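In: for reference, the sequence and a predicted model appear below.
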Amino acid sequence: ESETAIYAYVGQRICKWDGTEWSIVTDPDAPNTNLHPNSQFHFVSETAIYAFFGTQICLWNGTTWITHAAEAPTIVPGGMHFVSPDAIYAVIGEQICKWNGVAAEWQPLTADAPVMKADFAFTSESDIHAVLGQQVCQWDGTEWLPITEDAPVAISAHVAMTPSSFYVIGTDGMIYSDAR
């Protein structure tokens, strides 16, 4: 792809910006329900795009959407981390789970965290950062550990990180950072 190719949700479709105009890549129709246009999707190629549809993750194969991961009634559309077709991570209920395509099932990875937001930053199965309540916390493979103080306002679900800082978006629209 060229440096000008940008893929984004436009309405209920994933579209491509080629530097001049938008073109449709995916059809909005999918198994069971609608595409969640505010959710993340993972782009491998125009014939391999993974996205949330209702309570499941589906694959765009270049022609149609097909179910990729088993339905999870408590999946939280939003945060998803794609490693491979057999290793996809998502918030299900109050924990992060891994889609194990080999076993064809969702497997819990983290402990329950009742105040977890949908977004998370994934480095490895023993290094995950998420907003729990008003704090950014780290999953160390065993437990959730707070690594920031409480934010001064309610935090939306967004987490971004650099080697020296975490960034979250408050419900007031402001970006908050805590240098490490």
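Out: It's in.

In: following the helix or strand of the chain with the lowest mean pLDDT, which helix or strand shows up next?
Out: Within the chain, no helix or strand scores below strand 155-161, which has a mean of 71 by mean pLDDT, DSSP states H and E. Using DSSP states H and E, the next helix or strand after strand 155-161 towards the C-terminus is strand 165-170.

In: that following strand: what's the following helix or strand?
Out: Following strand 165-170 in sequence order, the next helix or strand is strand 175-179 (DSSP H and E).

In: need the pLDDT of Ser23.
Out: Looking at Ser23, its pLDDT stands at 91.

In: now it. Nearest residue, chain neighbours left out?
Out: Excluding its sequence neighbours, the residue lying closest to Ser23 (CB to CB, 6 or more residues apart in numbering) is Lys16, at 5.2 Å. Yep, even glycine has a C-beta here, placed from its N, CA and C like the rest.

In: where does pLDDT dip in this structure?
Out: 1-3, 28-39, 157-159, 163-164, 179-180 (pLDDT under 70).

In: show me where it has helices.
Out: For the chain, applying DSSP state H gives no helices.
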